[in-house]
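Colleague: The following comprises the amino acid sequence and a computationally predicted model.
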Amino acid sequence: MKITTLPLATAGHQTRATLTAYLQTPTPKSPVQAFEPLLIVPGGSMTHIPEEETEKTALAFAARGFQVFVLRYSFLSEQAPLYPAPLIDLALAIGTIKQHLSDWQLVDRLHLLCFSAGGQIGALYNDYWDSEWLEDASGLPKERRDFADLVLGYPVIDFSAGFPTTAATRAKWTDDPEKYSASQHVTASNRPTFIWATVDDPVVPAQNSLNYFLAQQKENIFQEIHLFEHGPHGMDIANQLVAHHEDGNQPHVAHWVEMATEWMHGDHRQFKD
């Protein structure tokens with residue numbers, strides 16, 4: 001496996017965002033000679049990325065047949081207010097992956113896997129990916145910003161749903177919380193979505209996941225949701241390798257990895273357009 005990191009800054013968008021690629025080489029004579037790309041948008045409260053957990057999550061999905069990428073998006077310390085910079089970063093990351101379909105051995109079916117604060121980025125991107133303002137901000141045409149589907153893990157969705165917890169922090173994220181509350185901007189163009197969270201998440205209430213699910217139901221978006229009974233926030237793949245919480249090793253919750261993999265490999269493309 002080759003690991004490489006590329007900058008995402010452009011003349012029109014100055015950013016410290018990067019795209020890290022975990023590139024597998026196809027096995028000679030294997031029927032699989034091209035991989036489905038999976039782009040991870042980690043959590044970290046918009047202040048950092050949990051690199052150790054994210055790396056293990058990337059390798060777990062690489063072992064399940066994906067060519068995996070990780071977006072290091074703009075942080076609060078770099079942009080004030082933060083939005084919309086992370087959405088532009090994500091558009092540029094998707095555009096970069098699509099630019100390298102051939103030399104990175106990729107099929108054109110890109111999946112997004114987004115956690116916690118990164119889940120809000122992914123959900124908002126799902127709402128706005130085909131908008132004119134994002135095309136102008138990223139300089140990318142619609143076909144370079146498109147993607148197949150979205151997996152959300154314990155996502156932040158709405159600024160009225162319990163996270164961030166203070167008005168001062170919310171102001172650092174955005175000066176327009178209504179525009180960046182993801183359940184308020186779902187359209188018929190939203191892509192199929194898989195959501196999972198835990199009912200007793202003490203940091204990002206499960207109400208966020210329910211808000212997005214219900215908003216997409218109104219637009220008849222193909223989706224699936226799993227609310228597990230118990231588990232702390234920030235579990236990633238929910239096993240002992242990433243258990244940075246005392247209660248983070250949750251074998252039952254860890255089933256989400258196989259369920260999401262099966263779902264992404266499934267044929268819900270018929271519902272996409």
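Modeller: Cool, got the structure.

Colleague: Just give me the longest helix of this structure.
Modeller: Of all segments of type helix in the chain, defined using DSSP state H, the longest is helix 85-99.

Colleague: How far off centre is that helix?
Modeller: Helix 85-99 sits 12 Å away from the centroid of its parent chain (Cα atoms, centre = their mean, to the nearest Å).

Colleague: Same question for stretch 150-170.
Modeller: Stretch 150-170 sits 14 Å away from the centroid of its parent chain (Cα atoms, centre = their mean).

Colleague: can you give me the mean pLDDT across that stretch?
Modeller: The average pLDDT within stretch 150-170 is 97.

Colleague: what ranges of the stretch 1-150 of the chain fall below the confidence cut-off?
Modeller: The model of the stretch 1-150 of the chain has no residue with pLDDT under 70.

Colleague: hmm, try it at 80
Modeller: 29-32 (pLDDT under 80).

Colleague: still on that earlier bit, so the helix or strand following the longest helix of the chain versus helix 85-99, what angle?
Modeller: Reading on from helix 85-99 to the C-terminus, the next helix or strand found by DSSP states H and E is strand 111-115. Taking axes from the mean of the first three to the mean of the last three Cα atoms, to 10 degrees, strand 111-115 and helix 85-99 form an angle of 150 degrees between their directions.

Colleague: what does the helix or strand following strand 111-115 contact?
Modeller: Remark: after strand 111-115, the chain's next helix or strand is helix 116-128, criterion DSSP H and E. With contacts defined as Cβ atoms under 8 Å, 6 or more residues apart in numbering, helix 116-128 is touched by 40-46, 71, 73, 83, 86-87, 90-91, 112-114, 134, 150, 152-157, 180, 182-183, 185-187, 190-191, 193, 203-204, 208, 212, 233-234. All C-beta spots, glycine's among them, are computed from the backbone N, C-alpha and C.
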